[in-house]
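# Got a predicted structure plus its sequence, pasted below:
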Amino acid sequence: MDLRKRVWQFIEERDLLRPGDRVVVGVSGGPDSLCLLDVLHSLADDRSLMLHVAHLNHGLRPEAAEADAERVRAEAEKRGLAFHIETADTGAHARAYKQSIEEAARDLRYAFLTRVALAVGAPVIAVAHTADDQAETVLMHFLRGSGLAGLRGMLPEMEIGGWRLEVGSQNGDDASLQPPTSDLQPPTSHLRLIRHLLTTSRAEVEAYCVEHSLQPVQDATNLDTTFFRNRLRHELLPQLERYNPNIRSVLRRVAEVIAGDYEILRGVVQEKWTQMARVEAGRVMFDRAGWLVLTVPEQRALLREAVARLRPGLRDIDFTPLEHAVQFSRTAALGRSCDVLGGLRLSISLADVMVSAWTDADVPVPADRPLVSADGQLSPGWRFCVEMLEPGEWSLDEVEANASGWQVCIDAARLPLSRRAVSPGEGAGGWGLRVRARLPGDRFQPLGLNGHSLKVSDFMINAKIEKNLRDRWPLVVCGDDIVWVAGLRLDERFKVTPETTTVLRLQFVIDDG
C-alpha cells in the first residue's frame with residue numbers, strides 16, 4: 001500500500017487527527033521528519049489540516065546548523081506553511097540540569113514545540129518517530145531496567161505534560177535555564193503529541209524520500225556512537241540481527257503486546273490506588289496497616305504511581321530505587337525515612353507510609369508521634385506517663401521484649417538521688433523526670449555504645465530524624481541527665497540489669513480523654 005495511504009489509515013484507526021486540526025510539525029530536516037511533513041501536507045487539503053513547521057537549532061553543530069535551518073525554512077515556504085525557529089544552548093542546558101546531551105536536546109525540543117503549539121493555538125504536535133526508533137527505545141529501556149511502562153516504548157498518542165515552557169531561549173541564554181519542578185505544566189489539558197510514522201520503517205522512509213525527490217539533511221551526530229541511542233543503532237542491533245534477523249520487528253511487537261497488558265494492569269493499580277492512597281498538598285500517604293499486607297509487586301506499583309503523580313515530568317522511573325524503598329517500608333522503624341528518587345523520600349509513621357519531597361517546607365509535622373514545644377509542652381493528644389512496677393510485675397527478659405518506640409523501662413535507682421525527692425508536681429510521678437526539647441550541647445550515652453557519649457544532634461542525624469523535627473523531638477531528662485531520647489534510644493546509664501530492684505516504665509501514650 002502507498003505510504004501516504006498507510007499513514008492515513010494508521011491515523012484513522014487511532015483517531016490521531018480530526019478534520020480542521022491545527023498541527024505543529026517538528027522538522028529537523030532529516031529523512032524521517034521531512035517524510036512526515038510531506039505526507040501530512042499531501043493530506044492537508046482533503047482533511048482541512050493547518051500545518052505549522054517548527055525547527056529547533058540545538059546549537060550542537062555551529063558549522064552546519066544554520067544551513068540545515070535554512071533548508072527546513074525553504075521546505076516550509078515551498079509548501080506555503082508558517083515556519084517557527086529557535087536556537088538553544090543544549091550544552092548549557094545539560095550542565096544546568098546535570099543531563100546527558102541526548103536528554104537535554106529532547107527536553108529543549110519538546111519545550112520548544114509546546115511553546116509553538118500554545119502560541120498558535122494548535123492542539124496537536126506531530127513528531128517523526130519511526131518503527132525503528134520504537135525498536136531502539138524498547139531495547140534501551142530494557143537495558144536500563146525499565147518496568148512495563150518503559151517497555152511499551154513510545155505511544156502513538158500522548159497528552160503533553162511536565163515540560164517547562166520557559167526552558168531554552170532564542171539566544172540560548174543560560175539565565176533562562178531554571179531547575180525543573182513538577183508544578184509547572186503547560187496550561188492546557190488538550191495538547192497532544194502524536195507519532196504518525198510509528199509503524200513505518202526507516203527503510204520505507206528513505207525510499208519515500210527518493211521516490212518524491214526530497215532532499216533531507218544529514219546530521220553527522222546521528223553517527224556519533226558516544227551517544228547511547230547511536231550505539232544501540234549502529235553496534236548492538238546489528239549484532240542482535242545475527243541471532244534474529246527480525247529483531248526489530250520482535251521488539252516492536254513486544255512494545256505493542258506490553259502496551260495492551262499495561263492498560264489491564266493500570267486498571268488494577270488504579271483500583272488499589274483508590275482504596276489506599278490519600279493525596280494532600282504535594283505528598284501521598286498510604287494507610288500503614290493496609291500497606292503492610294500488600295504484596296511487594298502491589299507496593300512497588302503503588303509507589304511508582306505516587307512518584308509519577310508527584311513528579312509528572314520524571315522519565316525512566318528506575319526499578320532499583322523503587323525496590324529499595326519498598327523493602328525499607330516493610331521493616332523500617334517509626335520515624336525513619338529513605339530516598340526514593342526525583343528528590344522524593346518515603347517516611348514511616350505510626351499510621352502512614354508517606355511519599356513526599358525532602359524539602360523541609362514540604363515535610364508535615366506528624367500527628368501520630370509525640371512532639372514537644374520549647375517550653376516542654378507535649379503536642380495535643382499525648383501524655384507522658386511514669387509507672388513503678390512491682391517486683392513480680394517484671395523480669396529482665398520481659399523488659400527487653402516489651403520495649404517499643406514509645407515505651408521503655410529504666411532502673412529507678414540510677415536516677416540522681418538529689419532529684420528523686422522532687423514532688424510529683426515538679427516531675428513525673430515524683431521521680432524528677434520531665435520532658436523537654438533538645439538544647440545546644442546536649443550529650444548522652446546511647447545504649448549499646450559501652451558508655452561512649454554522643455551529641456544528641458549527631459545522634460538524630462544518624463537516626464535520620466527529619467531536620468524540621470529535631471528541635472521538637474522529646475527528650476526525657478532527670479536534672480541535667482538525658483535518660484531517654486524518646487522513641488529512639490535509652491541512655492546506657494539507666495538500663496535495667498540483673499541487679500535492678502526498682503523498675504520504672506516510661507511511656508508516651510495517646511490521651512483518649
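Perfect, I can see it now.
# Would you map the strands across the stretch 301-450 of the chain?
Secondary structure of the stretch 301-450 of the chain by DSSP state E, counting those that start in this stretch: the strands cover 337-339, 344-348, 352-357, 382-389, 407-411, 433-436, 443-444.
# brain fart, the stretch 151-300 of the chain
So, for the stretch 151-300 of the chain - with DSSP E, counting those that start in this stretch - the strands run 157-159, 192-195, 277-280, 283-287.
# Residue 94 is nearest to which of these?
With CB to CB as the measure, strand 192-195 is the member of these nearest residue 94 (22.2 Å). Just so you know, the C-beta spots here come from the backbone N, C-alpha and C atoms, and that holds for glycine as well.
# What lies in contact with the closest one?
The contact list for strand 192-195 (CB atoms under 8 Å, 6 or more residues apart in numbering) reads 16-17, 110, 123-129, 154-160.
# what's the average pLDDT for that strand?
Strand 192-195 shows a mean pLDDT of 94.
# What pairs with that strand, parallel or antiparallel?
strand 124-127 (parallel), strand 157-159 (antiparallel) (DSSP bridges).
# Let's test this: mean pLDDT of the last one, rounded?
Regarding strand 157-159, the rounded mean pLDDT is 89.
# Off-centre distance for it?
Here strand 157-159 is found 20 Å from its chain centre; the criterion is CA atoms, centre = their mean, to the nearest Å.
# same check, this time on stretch 384-397
47 Å.
# now swap in stretch 90-99 and tell me
Using CA atoms, centre = their mean, the offset of stretch 90-99 from its chain centre is 19 Å.
# If you count neighbours, what's buried in it?
For stretch 90-99, burial by neighbour count (16 or more other CB atoms under 10 Å) applies to 90, 92, 93, 94, 96, 97, 99.
# quick check, the last one in a strand?
No - read with DSSP: H, G, I helix; E, B strand; the rest coil, residue 99 is coil and lies in no strand.
# residues in contact with it?
So residue 99 contacts 93, 107 (CB under 8 Å, 6+ apart).
# Next, it: phi, psi?
Per-residue torsions, residue 99: phi -120, psi 160 (degrees, to the nearest 10).
# go on, the fourth one?
Here is the backbone geometry of residue 94 (degrees, to the nearest 10): phi -60, psi -40.
# Just confirm it contacts residue 101, I think it does.
Yes - counting by CB atoms under 8 Å, residue 94 does reach residue 101; the two are 5.4 Å apart.
# Partner strands of the helix or strand where residue 53 lies, with direction?
Here residue 53 sits within strand 50-57, counting by DSSP states H and E. As defined by DSSP bridges, the strand partners of strand 50-57 come to strand 22-26 (parallel), strand 82-87 (parallel).
# buried sites along the shortest one?
It stands for strand 22-26. 23, 24, 25, 26.
# Now do the contacts for the third one.
To tie it back to what came earlier, the one meant is residue 25. 33, 36, 37, 40, 51, 52, 53, 54, 125, 126.
# Count the neighbours of the closest residue to it other than its chain neighbours for me.
Closest residue to residue 25 apart from its sequence neighbours, by CB to CB, 6 or more residues apart in numbering: residue 126 at 4.8 Å. Neighbours of residue 126 under the rule other CB atoms under 10 Å: 30.
# got the contact list for residue 126?
23, 24, 25, 26, 36, 40, 194, 195, 196.
# Beta-bridge partners for it, please?
Under the criterion used (DSSP bridges), residue 126 bridges to residue 25, residue 194.
# Please indicate which of the contacts of strand 192-195 are buried?
Applying 16+ other CB under 10 Å to the contacts of strand 192-195 flags 16-17, 110, 123-129, 154, 156, 160 as buried.
# quick check, nearest of these to residue 116?
Using CB to CB, the buried ones among the contacts of strand 192-195 come closest to residue 116 at residue 125, 8.1 Å.
# Correct me if wrong: that closest one contacts residue 24.
Yes - between residue 125 and residue 24 there is a contact under CB under 8 Å: 4.9 Å.
# Take the strands paired with strand 50-57 and lay them out in TSV including distance to residue 59 and mean pLDDT.
Below are the strands paired with strand 50-57 laid out as TSV (distance: least, CB to CB, whole Å; pLDDT from 0 to 100):
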stretch	distance to residue 59	mean pLDDT
strand 22-26	17	97
strand 82-87	6	96
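# right, and those - which one's nearest residue 266?
Once the strands paired with strand 50-57 are compared by CB to CB, strand 22-26 is nearest, at 28.0 Å.
# Can you give me the pLDDT of the residue nearest to residue 324 when sequence neighbours are not counted?
Counting by CB to CB, 6+ apart, residue 324 lies nearest to residue 338, which is 7.0 Å off, once chain neighbours are set aside. We have a pLDDT of 86 for residue 338.
# in the sheet, who's paired with residue 338?
residue 346.
# Columns pLDDT on top of the contacts of residue 25, output as JSON lines?
Below are these laid out as JSON lines (pLDDT from 0 to 100):
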{"residue": "33", "pLDDT": "96"}
{"residue": "36", "pLDDT": "97"}
{"residue": "37", "pLDDT": "97"}
{"residue": "40", "pLDDT": "96"}
{"residue": "51", "pLDDT": "97"}
{"residue": "52", "pLDDT": "97"}
{"residue": "53", "pLDDT": "97"}
{"residue": "54", "pLDDT": "97"}
{"residue": "125", "pLDDT": "96"}
{"residue": "126", "pLDDT": "97"}
